[in-house]
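# 3D, please:
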Amino acid sequence: MKGLRRISVLLFFFLISGTVSTAFPAAEKPSLWVHMQEKVIWILGTTDISEQTGQAESTLIEELATLGYNVVDAAAVRRNISQAQGLRTLEGDEKAAAAMGLRYGAQYSVVGNAMVKSGAAGIQGSNLKTVHATVNARVIRNADARIIASASIHVNVAHLDEVAGASLAIEQASRKLARKLDTKIRSLVTKEQAVGPSMVLNISGLKSYRHLNAIMLTLGRSTPGVENVRLEDFTSGTATILITYRGGLRELADDLVHEHFRDFRLEPTHVTSNRIDLRSVLDKAE
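Take a look at the predicted model:
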């Protein structure tokens with residue numbers, strides 16, 4: 001039985017080893033999921049809210065891809081996301097955004113809003129109309145659903161046509177926002193590479209705090225490459241542990257799977273580039 005379990009574990013890591021890396025190299029930027037909502041308030045007070053990929057989202061995706069990020073196909077996500085799910089990600093539910101990003105293989109989610117307002121009056125002495133655009137976004141680390149950066153850009157545009165002016169204003173603001181977010185993400189990545197990459201362990205099925213404590217002690221005292229261990233959350237038998245780790249993803253998961261805990265073991269259920277999901281399983285009495 002133990003031999004069969006070992007074979008199944010080895011097969012699991014063989015299957016993931018070719019597709020999952022431990023961290024992105026210095027020259028490679030992380031993968032992103034971008035989700036933006038647009039609101040346009042016209043001069044007569046009417047409002048348009050887009051449910052489809054708008055100017056802000058498409059421009060952010062284009063600019064971030066140009067800057068070297070691997071951006072998830074927004075159209076594919078929108079085909080599989082309900083309006084309620086989309087609204088939750090925009091209304092401050094970081095866990096909903098992180099879960100959606102992880103579902104599509106993204107390490108970070110970029111979520112925000114774009115608002116455009118037409119000026120009440122045009123520019124004196126001309127037919128130009130003023131348009132004001134504000135685009136803001138927050139960057140969520142999907143592994144632990146934490147906001148790691150945010151930014152906001154405001155742009156004013158003068159144009160003969162308010163519709164064309166609105167589109168231009170959103171585009172300009174979104175390109176500036178992408179560059180601002182890029183600076184913040186690169187700074188974060190540089191810091192993580194200096195101190196060691198962060199990794200999240202999500203462990204479900206824990207029957208007692210004693211089991212969690214045994215895992216924490218093992219990580220802190222005897223797991224090679226682990227330099228820092230912090231418990232983020234423990235609710236209803238599920239623990240989220242954030243660690244600083246220097247080493248290979250496969251090696252870490254293999255160490256945990258084959259660790260001899262008293263009366264329980266850990267089994268992997270899902271692995272991404274910076275997160276391992278495990279399930280605690282009670283050992284059967286001999």
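
# contacting residues around the residue sitting nearest the centre point of the chain?
Nearest to the geometric centre of the chain sits residue 108, at 2.5 Å (Cα atoms, centre = their mean). Residue 108 is in contact with 30, 31, 32, 33, 101, 139, 140, 141, 142, 148, 185, counting by Cβ atoms under 8 Å, 6 or more residues apart in numbering. C-beta here means a position set from N, CA and C on the backbone, and glycine is covered the same way.

# try residue 131
If you count contacts by Cβ under 8 Å, 6+ apart, residue 131 has them with 116-119, 156-159, 162, 165-166, 168-169.

# strands - which of those land there?
Those of the contacts of residue 131 mapping onto strands are 116, 117, 118, 156, 157, 158, 159, per DSSP state E.

# mind listing the strands for the stretch 51-200 of the chain?
70-71, 108-118, 129-141, 146-159, 198-204 (DSSP state E, counting those that start in this stretch).

# got JSON lines for those strands, with mean pLDDT too?
Shown next, in JSON lines, are the strands of the stretch 51-200 of the chain (pLDDT from 0 to 100):
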{"stretch": "strand 70-71", "mean pLDDT": "92"}
{"stretch": "strand 108-118", "mean pLDDT": "89"}
{"stretch": "strand 129-141", "mean pLDDT": "90"}
{"stretch": "strand 146-159", "mean pLDDT": "89"}
{"stretch": "strand 198-204", "mean pLDDT": "87"}
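
# dump those to JSON lines, plus distance to residue 210.
Output for the strands of the stretch 51-200 of the chain, formatted as JSON lines (distance: least, Cβ to Cβ, whole Å):
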{"stretch": "strand 70-71", "distance to residue 210": "41"}
{"stretch": "strand 108-118", "distance to residue 210": "35"}
{"stretch": "strand 129-141", "distance to residue 210": "30"}
{"stretch": "strand 146-159", "distance to residue 210": "28"}
{"stretch": "strand 198-204", "distance to residue 210": "13"}
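
# still on that earlier bit, make a PyMOL selection of whichever of the contacts of residue 108 turn out to be buried.
Per 16 or more other Cβ atoms under 10 Å, the buried members of the contacts of residue 108 correspond to this PyMOL selection:
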select buried, resi 30+31+32+33+101+139+140+141+142+185
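
# out of the contacts of residue 108, which comes closest to residue 70?
Nearest to residue 70 out of the contacts of residue 108 is residue 31 (Cβ to Cβ; 4.2 Å).

# got the contact list for the closest residue to that closest one other than its chain neighbours?
Distances taken as Cβ to Cβ, 6 or more residues apart in numbering put residue 70 closest to residue 31, at 4.2 Å, once the chain neighbours are dropped. By Cβ under 8 Å, 6+ apart, residue 70 lies in contact with 29, 30, 31, 32.

# surely the last one touches residue 107?
Meaning residue 32. Yes: Residue 32 lies in contact with residue 107 (Cβ atoms under 8 Å); the separation is 7.4 Å.

# need the residues touching each of these two.
Taking Cβ under 8 Å, 6+ apart as the criterion, residue 32 and residue 107 both touch residue 101.

# so which of the strands of the stretch 51-200 of the chain gets nearest residue 245?
Of all those, strand 198-204 sits nearest to residue 245, with 4.9 Å by Cβ to Cβ.

# can you list contacts of the closest one?
Contacts for strand 198-204 (Cβ under 8 Å, 6+ apart): 143-144, 192, 212, 215, 219, 232, 237-245, 249, 252, 256, 266, 269, 274-280.

# could you flag which of the residues you listed are buried?
Here, 16+ other Cβ under 10 Å leaves 143-144, 192, 212, 215, 219, 238-245, 249, 252, 256, 266, 274-280 buried among the contacts of strand 198-204.

# among those residues, which are located in strands?
Those of the buried ones among the contacts of strand 198-204 lying in strands (DSSP E): 238-245, 266, 275-280.

# can you tell me which of the strands of the stretch 51-200 of the chain is packed in deepest?
Of the strands of the stretch 51-200 of the chain, the one with the most neighbours on average (mean count of other Cβ atoms under 10 Å) is strand 108-118, at a mean of 24.
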